[in-house]
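Q: Sequence plus predicted model, see below.
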Amino acid sequence: MGLTALIATLVASRSSEPGEWLAVWLSAAVLALGIGGWTMVLKARRGGTTVFSYSGRRFVLSYLPPLLVGALLTLVLMRAGLYAALPGTWLLLYGTGVVTGGAFSVRVVPIMGFCFMALGAIALLAPASWSAWLLALGFGGLHIVFGIIIARRYGG
């Protein structure tokens, strides 16, 4: 998932129109969600359960609402031409989803969510020129770093 964001950062940096930039990031988000879902299914199978077990349902029901709010706010901010607010909004709401969904996971997952939220707050308050780096640091860097930690300490 993190590599997807790093590639999106590079591709989006070459776009000259906000709509192109948004299309790159939305495509990367869909791809990353697919990768995340696929890896969750694989991990559940290895554990002899399904993604829709009791704990899996609790995770999804906690994780999904902030992402849906993020999708709705993306439409609203896009229609208002407030593209500069999107990176902070995405990072904050994704982080919120990770914190709430991670409450039913290993301890390090909510910590990752709080890191996303901190980057989101910075992105909303920092100059717009920092947005690409903050998106790369969050969706790229945090996913890679925490993914390695989770894989080593908790088996993936």
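A: That came in fine, so what should we check first? Because the structure is a prediction, the values reported are computed rather than measured.

Q: Residue 69 contacts residue 92, doesn't it?
A: No - counting by C-beta atoms under 8 Å, residue 69 does not reach residue 92; the two are 10.0 Å apart. No exception for glycine: its C-beta is placed from N, CA and C like everyone else's.

Q: Show me which of these two is the more surrounded one.
A: With neighbours defined as other C-beta atoms under 10 Å, residue 69 and residue 92 compare such that residue 92 has more, 22 against 14.

Q: what about that one, helix or strand, and which?
A: For residue 92, the host element (DSSP states H and E) is helix 86-102.

Q: Show residues contacting that helix.
A: Contact partners of helix 86-102, identified using C-beta atoms under 8 Å, 6 or more residues apart in numbering, comprise 22, 25, 59-60, 62-67, 69-70, 73-74, 77-78, 109-110, 112-125, 131-132, 134-135, 138-139.

Q: Recalculate using a threshold of 6 Å.
A: Applying C-beta atoms under 6 Å, 6 or more residues apart in numbering, the contact partners of helix 86-102 are 59, 62-63, 66-67, 69-70, 73, 77, 109-110, 112-113, 116-117, 119-120, 123-124, 131, 134-135, 138.

Q: after that helix comes which helix or strand?
A: helix 108-125.

Q: The helix or strand that contains residue 4 packs against which elements?
A: Using DSSP H and E, residue 4 sits in helix 2-13. With contacts defined as 3 or more C-beta pairs under 6 Å, 6 or more residues apart in numbering; DSSP states H and E, helix 2-13 has these neighbours: helix 18-46.

Q: Of all the residues in the helix it packs on, which ones are buried?
A: Judged by neighbour count (16 or more other C-beta atoms under 10 Å), helix 18-46 contains these buried residues: 21, 22, 24, 25, 28, 29, 32, 40, 44.

Q: ok now do the residue lying closest to the fifth one once chain neighbours are set aside, which residues does it touch?
A: Counting by C-beta to C-beta, 6 or more residues apart in numbering, the nearest residue to residue 28 once its immediate chain neighbours are dropped is residue 8, at 3.6 Å. With contacts defined as C-beta under 6 Å, 6+ apart, residue 8 is in contact with 24, 25, 28.

Q: and which of these is nearest residue 150?
A: Nearest to residue 150 among those, counting by C-beta to C-beta, is residue 28 at 20.7 Å.

Q: Isn't that closest one up against residue 4?
A: Yes - using C-beta atoms under 6 Å, residue 28 is in contact with residue 4, at 5.1 Å.

Q: how near is the residue nearest to residue 28 to residue 93?
A: Shown here: residue 8 relative to residue 93, a distance of 17 Å by C-beta to C-beta, to the nearest Å.
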